[in-house]
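Enquirer: Sequence and computational prediction follow.
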Amino acid sequence: MRFAAKEAIIKAIGCLDFKLPPFKSIEIINDKTGAPKVYIHVEYLKHIQAKISLSHCEDKAIAFAIIKNVKK
């Protein structure tokens, strides 16, 4: 399921015409409530805010990503 999440993040970033980050630089972890949180460990994307929604069944996973450019 984490693979689907990273893939969704990369595709969403690509829609913003930014250089794509390395796959390993994207971290998906759960917060205290169990909700998935996205961390992108690339300096040139520090101004990006990412939200992710994940779901799965026995043999399938799906992820939706929303990327917001929060450059100040």
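Expert: Okay, I see it. Residues are numbered from 1 along each chain as shown.

Enquirer: can we go C-alpha only for contacts and neighbour counts from here?
Expert: Noted.

Enquirer: so how far is residue 1 from the residue nearest the centre of the chain?
Expert: Nearest to the geometric centre of the chain sits residue 9, at 3.6 Å (C-alpha atoms, centre = their mean). For residue 9, the distance to residue 1 equals 13 Å [C-alpha to C-alpha, to the nearest Å].

Enquirer: For residue 12, which three-state class applies?
Expert: Using DSSP: H, G, I helix; E, B strand; the rest coil, the structure places residue 12 in helix.

Enquirer: surely it meets residue 68?
Expert: No: applying C-alpha atoms under 8 Å, one finds residue 12 not in contact with residue 68, separated by 9.5 Å.

Enquirer: and these two? which has more neighbours close in?
Expert: residue 12 (19 against 14; other C-alpha atoms under 10 Å).

Enquirer: can you tell me which residues contact that one?
Expert: By C-alpha atoms under 8 Å, 6 or more residues apart in numbering, the residues touching residue 12 are 65, 66, 67.

Enquirer: Counting by contacts, list what the host helix or strand of the last one packs against.
Expert: When elements are assigned from DSSP states H and E, residue 67 belongs to strand 61-69. Contact analysis of strand 61-69 by 3 or more C-alpha pairs under 8 Å, 6 or more residues apart in numbering; DSSP states H and E lists helix 2-15, strand 48-56 as its packing neighbours.
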